[in-house]
Structure formats: structure tokens, C-alpha cells
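Engineer: Predicted model and sequence follow; I will ask about them next.
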Amino acid sequence: MKRWWNVMSKGFLLVISGPSGVGKGTVCDELLKEVNDVVMSVSATTRDMRPGEVDGESYFFVDDERFEEMVENEEFLEHANVHAHKYGTPKKFVFDKIKDGEVVILEIDVQGALQVKKVYDEAVFIMLLPPSMVELKNRIVGRKTETEEAINLRMNNAFKELDFVTDYDYFVVNDTVHEAVQNIKSIIDAEKHRVKRFKYIKEKVLGEKDV
Ligand SMILES: Nc1ncnc2c1ncn2[C@@H]1O[C@H](COP(=O)(O)OP(=O)(O)OP(=O)(O)O)[C@@H](O)[C@H]1O
Ligand SMILES: Nc1nc2c(ncn2[C@@H]2O[C@H](COP(=O)(O)O)[C@@H](O)[C@H]2O)c(=O)[nH]1
């Protein structure tokens, strides 16, 4: 049972996971064009920047030393080693935006999602699935960003990650981007309604002050 009773803010946290290459980035980009009060959290990573990526927009690209410093300073909501690199979610941005009433999206792996669930289980968890594993491989290969070795590592990890689908509140199949975006929009609408209902009960029925 989620700790909905603790929800104090108008916004909420939406965690989207799914195997590498399933289309998380593509679907989130489309979602941002269609929904106003949704923002993406920008993670820190130690992996190399890909052509076209922008520091501070795609990721904060940091070296190992800086990453460890951020861990030490407890700057991360969660962090994990993913496909042989380090990734982490800076927590200040996330909680500031939720307080402002925004829906904050974390596009993170399963290990990170499970960490978030432990400390903040009022978040909403979506697993994005490929129509098939063959199509997943076609997508990673077609993206042309990974070496053959990295593709094999990501495919192996994909099978492991899919074991955790039952830890998520929803799963959405990314067959077409349009359909996946519409499904996630419906989930966001339903969750916004839920947050409003609980706020109503807290404030009007119980007379508790929101913070
Ligand atoms: N519904 C779809 N149909 C066909 N191709 C798609 C679809 N969604 C995404 N793609 C393509 O699949 C490739 C991988 O997509 P994307 O980079 O968004 O995946 P990702 O899940 O964010 O990957 P990673 O976790 O590695 O960052 C891209 O080339 C993208 O254009
Ligand atoms: N636990 C976390 N996982 C993260 C974070 N940011 C991204 N990711 C996941 O890493 C893989 C690979 O991403 P890529 O950009 O190198 O292809 C992907 O599954 C992301 O979801 C994070 O902050 N924490």
C-alpha cells in the first residue's frame, strides 16, 4: 500500500524504467511536447558523451571523482552502476519541482527505481516494454551509439530487468511512440486525480494544513 497519506505537494514523481533501447528517451521527449507541467530530471553520469548530447541537458557528465563526491555529499536520491557506468539522480531538483506542483520524470534503471521505492514509495512507477526482444535488439543496433560488446551487455541486462516488471505500478508497451505517449498521459491524469482527492481529504475532511 502506498504512503499516499504523506503526499503534501501538488506534483508527484514518475519513475520510468525499461531496457536500454526500448524508447524511454524518445517517448519522454514526445510526452514533454504534449504535457505542460511535466519536467525531466537530469541525471549525472560517468559515461562518455554521445554525439548530439549536451552537458547539463542530456546528463551532467562528470568524472568518477566528482561522482563519488556527490555520493559522499548525499546529493543523490538514488544512484547505481548501469551497463558498466555510474548514474545518479540529483535530489534537490526533484523535490523542489514536486513542491512547485510539477510532475517530475526520472528515466532510470531498475536498481535505481527500487532504491526510490524504498525511500519515496508515493512515486508512480512505470515499466516501458518492447513489443518483442527481437525488436528491442533492432532498436539498440539501429541507434548506432553502442559497440557490439555494449549492445550484448545491454541485451543481457534487459532480460534481468524484465524480471522486475511486477515491482512497477504500470507497464506500457512501446509499439508505436504515439500509443505509448497516450497511455502514459492517461496514467498521469489518473495519478493527478488521485493526488487531488487525497489533498481534499487531508485539508477539508481532516483539516490538516498542507506544506
Ligand atoms: N516505438 C518505436 N518504434 C520504432 N523505433 C523506436 C520506437 N521508440 C524508439 N525507437 C528508436 O529506438 C532507438 C532507442 O530509443 P531511445 O534512445 O529512446 O531508447 P532508451 O530506452 O532511451 O535507451 P537507453 O536506455 O539506452 O538510453 C532510437 O533509435 C529510437 O529512435
Ligand atoms: N539508476 C539510474 N539509472 C539511470 C539514470 N540515468 C539514466 N539511467 C539509466 O541508464 C541506462 C543507460 O542510459 P544511456 O543514456 O547510457 O543509454 C538507461 O536504462 C537509463 O534509464 C540515473 O540517474 N539513475
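Structural biologist: Arrived safely. Ligands and ions are numbered 1, 2, ... in the order given.

Engineer: Who are the packing partners of the helix or strand harbouring residue 16?
Structural biologist: Element membership of residue 16, judged by DSSP states H and E, is strand 12-17. Using 3 or more C-beta pairs under 8 Å, 6 or more residues apart in numbering; DSSP states H and E, the elements in contact with strand 12-17 are helix 24-34, helix 91-99, strand 103-107, helix 110-119, strand 124-129, helix 177-200. Every residue, glycine included, has its C-beta placed from N, CA and C.

Engineer: tilt between the second one and strand 12-17?
Structural biologist: With axes from the mean of the first three to the mean of the last three C-alpha atoms, to 10 degrees applied, the angle from helix 91-99 to strand 12-17 works out at 130 degrees.

Engineer: contact partners of helix 91-99?
Structural biologist: With contact meaning C-beta atoms under 8 Å, 6 or more residues apart in numbering, helix 91-99 is reached by 9, 11-13, 39, 41-42, 75-77, 104, 106.

Engineer: For this structure, which residues are neighbours of ligand 1?
Structural biologist: 18, 20-26, 139, 142-143, 174, 176-177 (C-beta under 6 Å from any ligand atom).

Engineer: Return only those of these found close to ligand 2.
Structural biologist: Contacts with ligand 2 within the residues of the chain next to ligand 1, as defined by C-beta under 6 Å from any ligand atom: 20, 24.

Engineer: Among the residues of the chain next to ligand 1, which pair sits farthest apart?
Structural biologist: In those, two members sit farther apart than any others by C-beta to C-beta. They are 20 and 176, at 19.5 Å.

Engineer: Looking at those two, which one has more neighbours?
Structural biologist: Neighbours per residue, other C-beta atoms under 10 Å: of residue 20 and residue 176, the larger number sits with residue 20, 22 against 11.

Engineer: what secondary structure does the more buried one sit in?
Structural biologist: Classification of residue 20 using DSSP: H, G, I helix; E, B strand; the rest coil returns coil.

Engineer: so who does residue 106 touch?
Structural biologist: By C-beta under 8 Å, 6+ apart, the contact list for residue 106 reads 13-16, 41, 43, 77, 89, 94, 112-113, 116.

Engineer: mind running it again at 7 Å?
Structural biologist: By C-beta atoms under 7 Å, 6 or more residues apart in numbering, the residues touching residue 106 are 13, 15, 41, 89, 116.

Engineer: now the residues of the chain next to ligand 1: which count as buried?
Structural biologist: 18, 20-24, 26, 139, 174 (16 or more other C-beta atoms under 10 Å).
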